[in-house]
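In: I would like to see how this sequence folds:
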Amino acid sequence: MSIASRLGPLAEREFRLLFLGRTTSLLGSAFAPVALAFAVLDDLDGSASALGLVLAAIWVPQVVLILVGGVWADRLPRNFVMVGTDLVMCAAQATVAALLITGAAQLWHLFALQLVRGTANAFFFPASSGLVPQVVSAGRLQQANALLRLSHSGTAVVGAAAAGILVAAAGSGAALAFDAATFLVSALFLARIRVPGVARARARNFAGELREGWREVASRPWLWSIVVQFMFLNAFAHGTFLVLGPVVAEAELGGASAWGAILACEAAGMAVGALLVLRFRPRRILLVATLALFLAVPEYGLLALPAPLVLIAAGAVLAGVAVETFGVLWDTALQQQIPRDRLSRVYSFDALGSFVCIPIGMSIAGPLGAALGIRTTLLLAGGVVAVTTLAVLLVRDVRGLRRTDERLPVPTGAAVATEPT
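Out: Below you'll find the predicted structure:
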């Protein structure tokens, strides 16, 4: 496959606008984890438990509202939903930045404004995921997903490293101000997208639409089993890494610049993973995606020791390859198997199941690290990744699901109404 054919989705105008909008906002968002972590730990003299609560605030409204976001993303033009959420997230991050820069910030300010950001993201995620098959041709779907995730990892490589430097030089407020500005630029790109309307059934109520989305999930063992897997993985692994990782970096590795370097190396691994799946098109799409997750395990053990920074960075690269390979193939499987008019609702159930435990995990990571020790907690987190991945491989449909590049599923239902976008 030539370079031109792998980048082919960018020749399609609507996908190009989506790509530019997402890339711009992701560049700013790469600053946020580093900026928030050291705003709490340094500027506000907070603890690991306080950081866990601030990070959990981003996820709590997503757990509560993600199903609402999925329904509205299937009802309304998805790009306009994304524009509205970008503007809300811009306002939230700009306010945090102003409070930090002026020295007026308190922990409750950060907690409250990350609740706002999380609320907006509950609507952004299902709309963004559901929009992809509307803006690219069927044969380019995996390449489109790979390019979108490559933009995520590429901006994270630059953003995480730059965030560590900017936070050290100018403070967390400056990094969050940049994040806010990128949401505004993203909204300008997304507002220009024009795609055909999606057929939707008439006269359905909110509960009926949720039931319809749930039936799509419950009827597919490959889908709900992986969602259950990520409930455990995200709660006990993702939360532990984000909360205890900065604590290890602060105490043992040199602070913000070291943590930024680790995140940048993980993002570099994600870029490698995305490049691999630009070329590699496995027939058993979920089998390959699930096997790739084993590459994420070493990072936790290396951070637990802690190993020298260069070894932790190598483990972070492997984890990035794992995350991105799984993510591209998972998105492609969903978009190939689920009818377009129900796709955002299915994504919202996926997000609810996968992310429901993240606020709990982030909230308990600090106390658990204090009770068991940071090393033991990180080792347990790596064990959860390995065990849940082995378990999901026992599901036959996960091992056997095959890609369907020839066509995308069409909306279902007899009586339909087409909403222009």
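
In: now A104, what's its secondary structure?
Out: When classified by DSSP: H, G, I helix; E, B strand; the rest coil, A104 comes out as coil.

In: Now do the same contact list for it.
Out: If a contact means Cβ atoms under 8 Å, 6 or more residues apart in numbering, then A104 has no contacts. Every residue, glycine included, has its C-beta placed from N, CA and C.

In: pLDDT below threshold where in the chain?
Out: Scanning the chain for pLDDT under 70 picks out 1-7, 43, 45-46, 196-204, 405-421.

In: Assign the residue most central in space within the chain to helix, strand or coil.
Out: What sits nearest the mean C-alpha location of the chain, by Cα atoms, centre = their mean, is F125, with 8.3 Å. Three-state call for F125 (three-state DSSP): helix.

In: separation between L107 and A94?
Out: 19 Å (Cβ to Cβ, to the nearest Å).

In: hmm, I was thinking of L55
Out: From L55 across to A94, the span is 19 Å (Cβ to Cβ).

In: Those two - which one has more neighbours?
Out: L55 (27 against 18; other Cβ atoms under 10 Å).

In: The more buried one - nearest residue in space that isn't next to it in sequence?
Out: M362 (4.8 Å; Cβ to Cβ, 6 or more residues apart in numbering).

In: which ones are touching the one you found?
Out: 52-53, 55-56, 59, 239, 242-243.

In: I'd say E324 and G154 touch.
Out: No: with contact defined as Cβ atoms under 8 Å, E324 does not count as touching G154 (10.7 Å).

In: Where do the strands of this structure begin and end?
Out: For the chain, the strands defined by DSSP state E cover 199-201, 416-418.

In: ok, and the closest non-adjacent residue to the residue nearest to the centre of the chain?
Out: Here the residue nearest F125, using Cβ to Cβ, 6+ apart, is A351, at 5.8 Å.

In: Quick one: residues in contact with stretch 66-73.
Out: Residues from elsewhere that reach stretch 66-73 (Cβ under 8 Å, 6+ apart): 81, 122-127, 130, 206, 209-210, 213, 344-349, 351-352, 355.

In: Equivalent analysis for stretch 209-225, please.
Out: Taking Cβ under 8 Å, 6+ apart as the rule, stretch 209-225 contacts 67, 70-71, 74-75, 204, 227, 286, 333-334, 337-339, 342, 345-346, 348-350, 353, 392, 395-398, 401.

In: same thing with stretch 344-351?
Out: For stretch 344-351, using Cβ under 8 Å, 6+ apart, the contacting residues are 62, 66-67, 69-71, 73-74, 78, 125-127, 129-130, 209-210, 212-214, 216-217, 223, 227, 334, 338.

In: Go again with 7 Å.
Out: Contacts of stretch 344-351 with the rest of the structure, by Cβ atoms under 7 Å, 6 or more residues apart in numbering, involve 62, 66-67, 69-71, 73-74, 78, 125-127, 129-130, 209, 213-214, 216-217, 227, 334, 338.

In: Buried members of those into PyMOL, please.
Out: A single PyMOL command is used to select the members of those judged buried by 16 or more other Cβ atoms under 10 Å:
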select buried, resi 62+66+67+69+70+71+73+74+78+125+126+127+129+130+209+213+216+217+227+334+338
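
In: mind listing which of the contacts of stretch 344-351 are in helices?
Out: Mapping the contacts of stretch 344-351 onto helices (DSSP state H) picks out 62, 66-67, 69-71, 73-74, 78, 125-127, 129-130, 209, 213-214, 216-217, 227, 334.

In: Could you export the contacts of M362 as a markdown table, including distance to A316?
Out: Below are the contacts of M362 laid out as a markdown table (distance: Cβ to Cβ, whole Å):
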| residue | distance to A316 |
| --- | --- |
| G52 | 21 |
| L53 | 25 |
| L55 | 18 |
| A56 | 23 |
| W59 | 22 |
| G239 | 17 |
| L242 | 13 |
| V243 | 16 |
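
In: Could you point out which of those is nearest to A264?
Out: Of all those, A264 sits closest to L242, with 15.0 Å by Cβ to Cβ.

In: I'd like to check which residues are in contact with the closest residue to that closest one other than its chain neighbours.
Out: Distances taken as Cβ to Cβ, 6+ apart place L55 nearest to L242, at 6.0 Å, with adjacent residues excluded. Taking Cβ under 7 Å, 6+ apart, we find L55 in contact with 36, 242-243, 362.

In: just checking, which of those residues belong to helices?
Out: Among the contacts of L55, DSSP H puts 36, 242-243, 362 in helices.

In: Which of the residues you listed sits closest to A180?
Out: Nearest to A180 among the ones in helices among the contacts of L55, with distances taken as Cβ to Cβ, is L36, at 13.1 Å.

In: which non-adjacent residue is nearest R396?
Out: Nearest to R396 is P221, by Cβ to Cβ, 6+ apart, at 7.7 Å.

In: That neighbour: neighbouring residues, count only.
Out: The number of residues near P221, taken as other Cβ under 10 Å, comes to 13.

In: Distance check, it against D397.
Out: Separation of P221 from D397 (Cβ to Cβ): 5 Å.
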